[in-house]
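J.: Any chance you can model this:
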Amino acid sequence: MAQFAVSGQHYLFNVQTFASVVLSNGGDAYDYALRDRTTQDVIADVASGASELGVLVETTTTASELEEAFAAAGVRFVELIRSAPRVALPATHPLVNAQTLTLDQLEDYPYIYFEQEKDAPVHFAEEALAAETRRKGIACTDRASLSELIVALNGYTVTSGILVGISDGKGLTTVPLETDVQLHLGYIVKDGTELSETGQKFVAKLESNLNRYARF
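T.: Residues are numbered from 1 along each chain as shown. The predicted structure follows:
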């Protein structure tokens, strides 16, 4: 029976890519898994072999610390694309038509972000500029809940801006964030291992999606 597992931070493009690979492979029987995880758990899944690869992001401000964590866990990061952070807002948000936004302009609105473990360092955050102080912050653990909270509370998050093909991204619009920070989107694999045929298909489709939908 065919087996394949991917862990990743909470990205819409993970889901679309995974679904495309499942459809492409077909078959009468298989045992697949797609796991939305915290950064720490993505690393742990790949290091233990529970998942063949893990999709995550480094930034220009977190790369050195994350690379140390990867090396300590016996995994390596493969970069696929660089993009610029964007602010995800409800389509009805007062600032949605801005050409660009700063964090100061967003100070009065709730910042919605993905919760990491209590002992996780700040560079494990899924959002760029996570170390910046916010007056209003709400942590959540589920991608759909994050999208719903942004819409319900007129909030925002900082994202790659790659919102593709999945219903819980349709209510959001993205605006460029004024920052010099870049996102390094890619995946981790266990040291000394080669990707399976399905893993190679996943990476090829992931890279294609990232290049197609990335916004700068």
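J.: burial of residue 176, as a residue count?
T.: 16 (other Cβ atoms under 10 Å). The C-beta positions use only the backbone N, C-alpha and C, and glycine is treated the same way.
J.: and the longest helix seen in the chain, what does it pack onto?
T.: Counting residues, the longest helix found in the chain (DSSP state H) is helix 197-213. If contacts are counted by 3 or more Cβ pairs under 8 Å, 6 or more residues apart in numbering; DSSP states H and E, helix 197-213 sits against strand 2-8, helix 12-25, strand 53-59, strand 75-83, strand 183-190.
J.: Lowest average confidence across these, which one?
T.: Of all the helices and strands packed on helix 197-213, mean pLDDT reaches its minimum on helix 12-25 (a mean of 91).
J.: coming back round to it: chain center to the longest helix of the chain: distance?
T.: 15 Å (Cα atoms, centre = their mean, to the nearest Å).
J.: can you list the domains in the chain?
T.: 2-83+182-213, 86-176 (automatic domain parsing).
J.: Quickly, which of these bottoms out on average pLDDT?
T.: Looking at those, the bottom one is domain 86-176 with a mean of 89.
J.: How far away from the center of its chain is it?
T.: For domain 86-176, the distance to the chain centre is 12 Å (Cα atoms, centre = their mean).
J.: Now do the end-to-end distance for that domain.
T.: End-to-end distance of domain 86-176 (Cα to Cα, to the nearest Å): 4 Å.
J.: hang on, the earlier thing: the longest helix of the chain to strand 75-83, inter-axis angle?
T.: 20 degrees (axes from the mean of the first three to the mean of the last three Cα atoms, to 10 degrees).
J.: Mind listing what's buried along helix 197-213?
T.: For helix 197-213, burial by neighbour count (16 or more other Cβ atoms under 10 Å) applies to 198, 199, 201, 202, 203, 205, 206, 207, 209, 210, 213.
J.: quick check, nearest of the residues you listed to residue 149?
T.: Taking Cβ to Cβ as the measure, residue 149 sits nearest to residue 213 out of these, at 23.1 Å.
J.: so how far is residue 87 from residue 148?
T.: 17 Å (Cβ to Cβ, to the nearest Å).
J.: quick one, which of the two is more surrounded?
T.: residue 87 (28 against 15).
J.: Tell me who's in contact with that one.
T.: 101, 106, 156, 157, 158, 159, 174, 175, 176, 177 (Cβ atoms under 8 Å, 6 or more residues apart in numbering).
J.: Got a quick PyMOL command for the buried subset of the residues you listed?
T.: Those of these that count as buried under 16+ other Cβ under 10 Å are selected in PyMOL with:
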select buried, resi 101+106+156+157+158+159+174+175+176+177
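J.: May I have the secondary structure class of the residue lying farthest from the centre of the chain?
T.: Most distant from the centre of the chain: residue 28, at 30.9 Å, with distances by Cα atoms, centre = their mean. Counting by DSSP: H, G, I helix; E, B strand; the rest coil, the backbone at residue 28 sits in coil.
J.: Pull up the gap between it and residue 6, please.
T.: Counting by Cβ to Cβ - residue 28 and residue 6 are separated by 22 Å.
J.: Done for today, thanks.
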